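# mind looking at a prediction? Sequence and model below.
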Amino acid sequence: MATVFLSIPSKQTGEVNLAKPLKQFVQDTYGASGDFTTQLEDFNRLRASAVSKFVDKHEAALEVLYRYHDQLAAVEGKIPITENANRINFKWMDAFDKGNFFVGKLHLTLSSAAYERVCLLFNIAALSSQIAEIQNFDTEEGLKMGAKLFQQAAGIFDHLKTCVIGLINQEPTPDIAPETLGTLSVLMLAQAQEAFFRKTVRDTMRDAVVAKVANQAQDFYADALRLIQVDSMKDYWPKGWVSLVAGKQAYLHAMAEFYQAKAAGAGGEQLSRLQKAQELIQKANQRGEKHIQFPEALQRITAEFTQAKKDNDLIYHERVPDHRTLEAIGKAALAKPIPPAKPMSTNFKDLFENLHPLAVQHAIQGFEAKKSEVVNIEIGRLREATQMLNGVLASMNLPAALEDTSGRAVPASLIEKSQAMQQLGGIAALDTLMRELPELLKRNKEILDETARLMNDEERSDKELRQQFGERWTRTPSEKLTEPLKAEAAKYSTIIETAMNADGVVKMKYNEHRQGIEILSRGNVAEALPNAGPDAQLQGNPAVGELRGLMGQVEAIKAEREVFEFELQNIKSDSLASDFLSVLAVDGVIGPEVLDSHLDKLLAKFQQKVSDFCFARKTEKDDLMHEVQSRIANQPSPPLPSQPSYQKPPAPSRPPPPAAPHQPPQQQYHQPPPQYHQQQQPPPSFTPQGAPSAPYPSYNPYQPMTPPTLPTGFNPYMSMYRPPGMPPNNAAPGGMQYPPQQLPYPSYPGYSNQPGYPPR
């Protein structure tokens, strides 16, 4: 029995340093949780060990791959490796592509831990098939191990087929495409079923059971053969795969018929099935070509068929039925895909077990933000109540009114304020600051205006060039790129406007209280205060003592509020970490954006940002302008415009129509036509509009005509006075008239009578 099985080649990759890029992220995100440098180094060594085990065909190599896969899956939830966070490039070669000298092997490089895990799972399945291939299928242990590993490979390929597109989000290499993974899963399942068939034969199970197992195996191989021969993939597989799979499918089909014939017993059905098995085993040897042959099976089936035919001819004499009329052989699917376990390694221990998953970390941060919000609201209420209390006290001039009840001394608080005012420079320093306010705002306003001008100029230039070149101006419109910059400029403009309003309020308050501030700056507060009368002394008044007691209660309330505010600000939430371990939190880090406290620094940075943007856009514009102009200059000249119709040469003259045969006129003249000399020419022809055309006579109507001779002394341009009785102009001397100049014309066929012509 042939023991040829197919194995999947492993994907190849290179060395990658995982520790260095991840160390900074761990410190920034889990800084308070301890130092994980050692764990990161172990993680890096674990990957290097897994990569080196791709060529080792034993179970210990599989265990290393299991551990790295489990650790990678555990790290994904704590330390993300994506295009946007912890960018680490994983480059994996196509497993089946051999490459060439000029192009090299097909590969795909992505910064994604999910892509790394997909390729690692592929290699686990490939290595499982390689270890299964070298098992001794003549032993019980080899059959069990081979069937288990083939089923595991089928389960991993089937798992990857359903999730690879969602994990990668990009066009994968052909070896991890869903179509390829589906084909490999069916092929591994067929080989696992074949291993079970060999075990049933070895265990000498009933012939009907063996036939069902063999029939299911040939069905799996038929599915694999159909998928391998798909037009888009048939040239992708290694040479010999199609022949080997086709040969095994026919071989297992033959064995199913063989064992079903043995189960049917002697007779016509046995002969029909053995004959079919003989045909199938011959076909299996033809399909297998040089890759696989089944001489033992052919010899066994032929011998069995010869003996059964001899027994039927001599003993049973049963009719051999058509194989198509026989009952179909049943199927027993013993091989099933084994999906990857979680975790795959039985001795897995997470190197980063002390780190909270990133989702839990986000949940804790969200709780801290919510806690801060509630605490700030409560602290705001406390401070608002304290401010209201201080306002009521200030309206009653307390506690300053209780500092001196004699009416002769200056209150100590007023003296302290005067001294503090003098130490800070007095009113002169305040005047200097008030004069500098417009200058600071002016500087900020100039920076913001210049920034807006740069953006507007760039946008206007882009619009003009876009209108000029149309679709050839392919770069992104400036209005889209400057939208966030304009929003930031609007924010700074609002800040400046608010500052100007605040400056106005400050100036108004300063001018209102300038006299009192000037007194505090000079230090002669006692001179500015009025003297109290003798009845103003309140030292022994009981109301003063009661008022002092109430002020003591007020100070106690303020102290209690300060203690309560401190306790609110220092509430700890470390005990909540365990409660969030099973909670899915929203991705993303919550934290307010910290802005620079000095507006001029912010505006300077913003101006630099806009300047860099405008410079980059100008460079892009120049490059695109040069490209568009070069494209226009290299375009072929347009064809010359067509010549106007009025400038075209005249069309060739139409040839004259053929002359019609001359027929004598059949109409009779009312009077005999006058006799003309042959040299007399007829008048020019005239055809009225709408008259039917007729053949012309054979004379030339365009010969010059000699005008008639005028009488002597006749001046046609002279107007003469003619007295009564004088003969008309056409009368000759002596009273004779000239004959009429118009004579009747001969009639021509096809011409109708016209005014001025004699009837025909």
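It's in.
# which residues of the chain score low on pLDDT?
1-2, 31-35, 101-102, 356-366, 400-414, 439-440, 523-541, 571-618, 620-760 (pLDDT under 70).
# helices of the stretch 201-350 of the chain, residue ranges please.
207-228, 241-264, 268-288, 295-311 (DSSP state H, counting those that start in this stretch).
# hmm, who's touching the third one?
Pointing back at helix 268-288 there. Here helix 268-288 makes contact (CB atoms under 8 Å, 6 or more residues apart in numbering) with 243-244, 246-251, 253-255, 257-258, 260-262, 264, 293-295, 297-298, 301-302, 304-305, 308-309, 312, 316, 318-323, 326. C-beta here means a position set from N, CA and C on the backbone, and glycine is covered the same way.
# swap in 7 Å and give it another go.
243-244, 246-247, 250-251, 253-254, 257-258, 260-261, 264, 293-294, 297-298, 301-302, 304-305, 308-309, 312, 318-321, 323, 326 (CB atoms under 7 Å, 6 or more residues apart in numbering).
# and it, what's buried?
268-285, 287-288 (16 or more other CB atoms under 10 Å).
# please apply the same query to the shortest one.
Of all the residues in helix 295-311, those buried under the rule 16+ other CB under 10 Å are A297, L298, R300, I301, E304, F305, A308.
# just the closest of the residues you listed to R472, please.
The nearest member of the buried residues of helix 295-311 to R472, counting by CB to CB, is A297 at 71.6 Å.
# what sits closest to the closest one if chain neighbours are left out?
I281 (5.5 Å; CB to CB, 6 or more residues apart in numbering).
# just I517 next, same as before
I427 (5.5 Å).
# I'd say that neighbour and R522 touch.
No: counting by CB atoms under 7 Å, no contact exists between I427 and R522, whose distance comes to 8.6 Å.
# higher neighbour count, the two?
Neighbours per residue (other CB atoms under 10 Å) separate I427 from R522, with I427 holding more: 18 against 14.
# separation between that one and R435?
Distance from I427 to R435, counting by CB to CB, to the nearest Å: 13 Å.
# and for E458?
37 Å.
# so which of those two has more stuff around it?
For E458 and R435, the more surrounded residue by other CB under 10 Å is E458, and the numbers stand at 21 against 9.
# run a quick neighbour tally on A154.
Here the count is done by other CB under 10 Å, and A154 has 29 residues near it.
# what's the answer for G155, then?
A count of nearby residues for G155, using other CB under 10 Å, gives 21.
# in the one helix or strand it maps to, what's buried?
Assessed by DSSP states H and E, G155 sits inside helix 140-168. Buried residues in helix 140-168, counting neighbours by 16+ other CB under 10 Å, are found at 142-143, 145-161, 164, 167-168.
# ditto for stretch 190-209
Quick answer for stretch 190-209 (16+ other CB under 10 Å): A190, Q191, A192, Q193, E194, A195, F196, F197, R198, K199, T200, D207.
# what's the farthest-apart pair in those?
Pairwise over the buried residues of stretch 190-209, using CB to CB, the maximum falls at Q191 and D207, 22.9 Å.
# moving C-terminal of the longest helix along the chain, what's the next helix or strand?
When the chain is parsed with DSSP state H, its longest helix is helix 426-469. Next helix or strand after helix 426-469 toward the C-terminus (DSSP H and E): helix 478-481.
# and that following helix, what does it pack onto?
helix 426-469 (3 or more CB pairs under 7 Å, 6 or more residues apart in numbering; DSSP states H and E).
# which helices and strands does the helix it packs on pack with?
Packing partners of helix 426-469 (3+ CB pairs under 7 Å, 6+ apart): helix 478-481, helix 483-512, helix 514-522, helix 599-633.
# pull out the buried positions in the third one.
Using 16+ other CB under 10 Å as the test for burial, helix 514-522 gives I519, L520, S521.
# which residues does the last one contact?
Neighbour list for S521: M421, Q422, G426, I427 [criterion: CB under 7 Å, 6+ apart].
# now swap in Q151 and tell me
Here Q151 is in contact with A192, A335, K336, P337, I338 (CB under 7 Å, 6+ apart).
# what about it, distance to I519?
Counting by CB to CB - Q151 and I519 are separated by 97 Å.
# now A256: how far from T38?
Counting by CB to CB - A256 and T38 are separated by 59 Å.
# actually P295, not the one I wrote
Counting by CB to CB, the gap from P295 to T38 is 61 Å.
# if we can go back for a sec, what about the contacts of Q151, which one has the most neighbours?
A192 (28 neighbours).
# that one against L334, yeah?
No: contact criterion CB under 7 Å: A192 and L334 do not qualify, at 8.2 Å.
# out of the contacts of S521, which are buried?
The neighbour count (16+ other CB under 10 Å) marks M421, G426, I427 as buried among the contacts of S521.
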